[in-house]
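In: okay, here's the prediction I keep looking at, along with the sequence it came from:
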Amino acid sequence: MYTSRAEEQTVLSWLGQKFNDYSMLVKMRLSLTVVFSSIMAFLIAADTISLTAVLILAAGGFLVTGAANTLNQVLEKDYDRLMKRTAERPIAAGRMSVSEGVLAAGMMSLFGITFLAMFNPWTAFFGTFSLVLYAFVYTPMKRISPTAVLIGAIPGALPTLIGCVAAQGSLTMLALTLFALQFFWQFPHFWSIGWLGFEDYSKAGYRIVPVQEDGQRDRRIGLQALVYAALLIPVSTLPYFLGVSGLVSAGIVLMLSVFYTVFSYRFYKKWDRKSALQLMFYSFFFIPMALVAFFADKI
């Protein structure tokens, strides 16, 4: 059967749009960041490194994260339409039906948790727990209370714990340490983003950023950012005392934590767009650099 060039271009255009839509649906960059954290934790914790195991962990982590992000967009489609940065998401924009999104999330969660279960039951449990907590507790809580940030920080920090558990087969002190590192990191990271996107979040009805009586941002989030960043200073040295890494990585991550605390302090004191931007951009580099330092020192 003959297919015209115009028809071929139409099909290619449709496929390209579908690829873009699914990339937005799973929040590709966020999912890849999650996978990176999990793999690095696995490499730090593992006695021997298997490429097959790394690929299985990457596939499982990506699919579970993609499923959670998809369910998030299904549940928030009406709110996503109200914010500039989310209005073009496929379900919010009407390019994808809710049923297609739910089906995609179901398939991704099924295969993702199956891949994680190939390591041990703990890995599958924490993967499932992360998915449920993010999609069905954190997501609706965002419209109710700033407590959502605390709840969301748990699934946000679980990738490193999952990577360690996949390598070690049990819940160890190293797993809890890397979990704490990523857990505390999230508060300065999110509060800087929340400060910058305050108007957009408020317009969409999200209550994740605390407000004062006059309706403006509550300065206490600056203090929280500072406190949580400071907590990273002792946590950054724990892998050394656990015998997992050496003095070099401990020194590097310690300095990263000190600078993170300095940026958080500036944010707290200056309380302006510039300090929020500086803290946000620095936060993007903190976790990757810390995990790479621990792994590099190990090898």
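Out: Perfect, I can see it now. Residues are numbered from 1 along each chain as shown.
In: what helices or strands is the helix or strand where Leu256 lies leaning on?
Out: Using DSSP states H and E, Leu256 falls within helix 247-270. Applying 3 or more C-beta pairs under 8 Å, 6 or more residues apart in numbering; DSSP states H and E, we find helix 247-270 packed against helix 173-196, helix 220-235, helix 238-241, helix 273-298. C-beta here means a position set from N, CA and C on the backbone, and glycine is covered the same way.
In: return the most buried member of those.
Out: helix 173-196 (a mean of 22; mean count of other C-beta atoms under 10 Å).
In: I'd like the next helix or strand past it.
Out: By DSSP H and E, the next helix or strand past helix 173-196 is helix 198-203.
In: same list (the helices and strands packed on helix 247-270) but as CSV, adding distance to Ala148.
Out: CSV is the format used below for the helices and strands packed on helix 247-270 (distance: least, C-beta to C-beta, whole Å):
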stretch, distance to Ala148
helix 173-196, 10
helix 220-235, 13
helix 238-241, 28
helix 273-298, 19
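In: leaving out the residues flanking it, which one is nearest to Val211?
Out: Of all residues not flanking Val211 in the chain, Asp218 sits nearest, at 5.7 Å (C-beta to C-beta, 6 or more residues apart in numbering).
In: okay, now the one you found: neighbour count?
Out: Other residues near Asp218 come to 14 when the count uses other C-beta atoms under 10 Å.
In: looks like it contacts Gln212 (just checking).
Out: Yes. Using C-beta atoms under 8 Å, Asp218 is in contact with Gln212, at 5.2 Å.
In: ok, the residue nearest to Val211 - contacts?
Out: Val209, Pro210, Val211, Gln212 (C-beta atoms under 8 Å, 6 or more residues apart in numbering).
In: so what's the first one up against?
Out: Neighbour list for Val209: Pro146, Trp191, Gly194, Trp195, Phe198, Tyr201, Ser202, Arg217, Asp218, Ile221 [criterion: C-beta under 8 Å, 6+ apart].
In: among those, which pair sits farthest apart?
Out: Trp191 and Ser202 (15.1 Å; C-beta to C-beta).
In: mind giving me the domain split of this structure?
Out: 8-170, 172-299 (automatic domain parsing).
In: redo these as TSV? Include mean pLDDT.
Out: Formatted as TSV, those follow (pLDDT from 0 to 100):
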stretch	mean pLDDT
domain 8-170	92
domain 172-299	92
